[in-house]
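S.K.: model the following, please.
(4 chains)
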2 protein chains.
Amino acid sequence: MTPARSRRAGTHTRTERGIPEATVARLPVYLRALTALSDSGIATASSEDLATAAGVNSAKLRKDLSYLGSYGTRGVGYDVEYLRYQIAREIGVTQDWAVVIVGIGNLGHALANYSGFGTRGFRVVALLDADPQLVGEQVGDLVVRDFAELDEIASAENVAIGVITTPAGPAQDVCDRLVNAGVTSILNFAPVVLSVPDGVDIRKVDLSIELQILAYHEQRKSGEAAVAGLPELSELTDLPSVGGGVGA
Amino acid sequence: MTPARSRRAGTHTRTERGIPEATVARLPVYLRALTALSDSGIATASSEDLATAAGVNSAKLRKDLSYLGSYGTRGVGYDVEYLRYQIAREIGVTQDWAVVIVGIGNLGHALANYSGFGTRGFRVVALLDADPQLVGEQVGDLVVRDFAELDEIASAENVAIGVITTPAGPAQDVCDRLVNAGVTSILNFAPVVLSVPDGVDIRKVDLSIELQILAYHEQRKSGEAAVAGLPELSELTDLPSVGGGVGA
DNA sequence: TCGATTTTGTTCTCACGTTCACAAACTCCT
DNA sequence: AGGAGTTTGTGAACGTGAGAACAAAATCGA
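M.R.: Reported below is the predicted structural model:
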């Protein structure tokens, strides 16, 4: 009896195709944990084992997995290989996704050399930059190509995912052109808020924001002593002189 | 953190010094938006303007700001400079935070050269690596130093924040040593779940996970046609043969 | 076969986060 | 001065997520 098929017999609105976003964000973590267990030669794991490996609590893990189906065995646990495949399939990494990276500066170089891509369902098909000085440079086993070639590359390789590693300035323009070329998922490393049409997913990775969040908590750990004695507002303490107009 | 705190006060508990985590994560975005407005010479902005610039809706922005205090003027809006300072102070970026980067590979190089550090309250005081071949290399205006020097650097420079850009393997060990050296906030780029003692904050940036989240949504956009016809489970369709033991 | 044991899948409850909607507070114009 | 127009700050409703707890389902031993 393959448990993978019949999902229709739910008791209460199984929400056939609706996995909570918070759960989706954790599935890759579970996938990684399962891969690690598999590499260690472990064939079966309980929700407790998995949860520990993934850094969550077991109740949450079980609930997350229950959205995918009933892949465990009560009294036993989860078969590592089987569950790994199911999660990989649900996420979509059993197929290969073509990825382009735009902006081959320091970060673009680093990502281009990142080995984690190929091994997990993603294939970098092009490195693009608008700077003629960079075009032609060999990075890893790819050559940097001109950003103007985006359209042909995108349609030839069926590129769905684009990574933006340009500075903030050109990011929105790059984004627009990616969308125009048919890219419908964007991972943005540039420190700007990009706007995209409906149907395009965007995720943001921002070093500066992460550090500031840490700083906030760090400041509170440093005790309120320092915080209490920081009144050096200079001219800013004055009430705002309302005057200037507001741009759109 | 401290699990037993008196949370059972009033109906809604003002929580004098407790800004919701979701709000904290957005404050840096507002800060950036305000800086952009300021650079454009705009002196006053409404919640609507700010919300647009930050990519959120205005009600959320107003509620977020209300946790900091009452810094706006009804009928007018917010004074850009004034609010910018208040948010910067609340986050803690009016002071300088010393940062060490551990693991000077591709990504470490990229971060070391990232200009966004200095401009926003963070100062990279050391680049560390355990590889003797890297030690001594000049990166930006710093020289890579031996990871063994961590303790003296940390105490000399009062380092509170560490960035881990090593491979997955050594990451936990590096993390332990950072904590041991007095670092209480860690930004982890290595693809592993790090465990830290109470009182240490950790945030994770994971390219692979972000891509997988995008892939999940991409797969669903591609229509269920492709999904319906993917039954190539090979040997995995067999019921799991329960047998192997489970490691801790 | 039957009971003891293990572990999943799910229900229930509470906390957190988002959005709506509106009174309060301010400016501007007559 | 007073009314019209703006925009903030916040109370209330709603939705999502987390965790505790437990019934259901499986294995194992006698």
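
S.K.: low pLDDT regions in chain A?
M.R.: A:1-17, A:118, A:223-248 (pLDDT under 70).

S.K.: buried stuff in the longest strand along it?
M.R.: Longest strand in chain A by number of residues (criterion: DSSP state E): strand A:122-129. Within strand A:122-129, the residues that count as buried by 16 or more other C-beta atoms under 10 Å in any protein chain shown are A:122, A:124-129. C-beta: built from backbone N, CA, C; applies to glycine.

S.K.: check which residues of the longest helix out of those in chain A are buried.
M.R.: As assigned by DSSP state H, the longest helix anywhere in chain A is helix A:21-39. By neighbour count with 16+ other C-beta under 10 Å, helix A:21-39 contains the buried residues A:23-37.

S.K.: check those against chain B, which are close?
M.R.: A:24-25, A:27-29, A:31-33, A:37 (C-beta under 8 Å from any C-beta of the partner chain).

S.K.: residue boundaries of the strands in chain A?
M.R.: Using DSSP E, strands in chain A cover A:44-45, A:78-79, A:97-102, A:122-129, A:138-139, A:142-146, A:161-164, A:185-188, A:201-204.

S.K.: wait, does the third one contact chain B?
M.R.: Yes: when contact is scored as C-beta under 8 Å from any C-beta, part of strand A:97-102 falls within range of chain B: A:97, A:99.

S.K.: for the fourth one, same thing?
M.R.: Yes: contact of strand A:122-129 with chain B is found when judged by C-beta under 8 Å from any C-beta, involving residue A:122.

S.K.: so for chain A, the centremost residue is which one?
M.R.: When C-alpha atoms, centre = their mean is applied to chain A, the residue found nearest the centroid is residue A:203 (6.2 Å).

S.K.: distance of that residue relative to residue B:161?
M.R.: Counting by C-beta to C-beta, to the nearest Å, the separation of residue A:203 from residue B:161 is 24 Å.

S.K.: now do the longest strand of chain A against strand A:97-102, angle only.
M.R.: Interaxial angle, strand A:122-129 versus strand A:97-102 (axes from the mean of the first three to the mean of the last three C-alpha atoms, to 10 degrees): 20 degrees.

S.K.: mind giving me the packing neighbours of strand A:122-129?
M.R.: On a contact count with 3 or more C-beta pairs under 8 Å, 6 or more residues apart in numbering or on different chains; DSSP states H and E, strand A:122-129 meets strand A:97-102, helix A:106-112, helix A:116-119, strand A:142-146, helix A:150-157.

S.K.: again, only using 7 Å
M.R.: In terms of contacts (3 or more C-beta pairs under 7 Å, 6 or more residues apart in numbering or on different chains; DSSP states H and E), strand A:122-129 is packed against strand A:97-102, helix A:106-112, strand A:142-146, helix A:150-157.

S.K.: deepest in the core, which of these is it.
M.R.: strand A:97-102 (a mean of 24; mean count of other C-beta atoms under 10 Å in any protein chain shown).

S.K.: in its sheet, what does it sit against?
M.R.: Strand pairing for strand A:97-102, determined by DSSP bridges: strand A:122-129 (parallel), strand A:161-164 (parallel).
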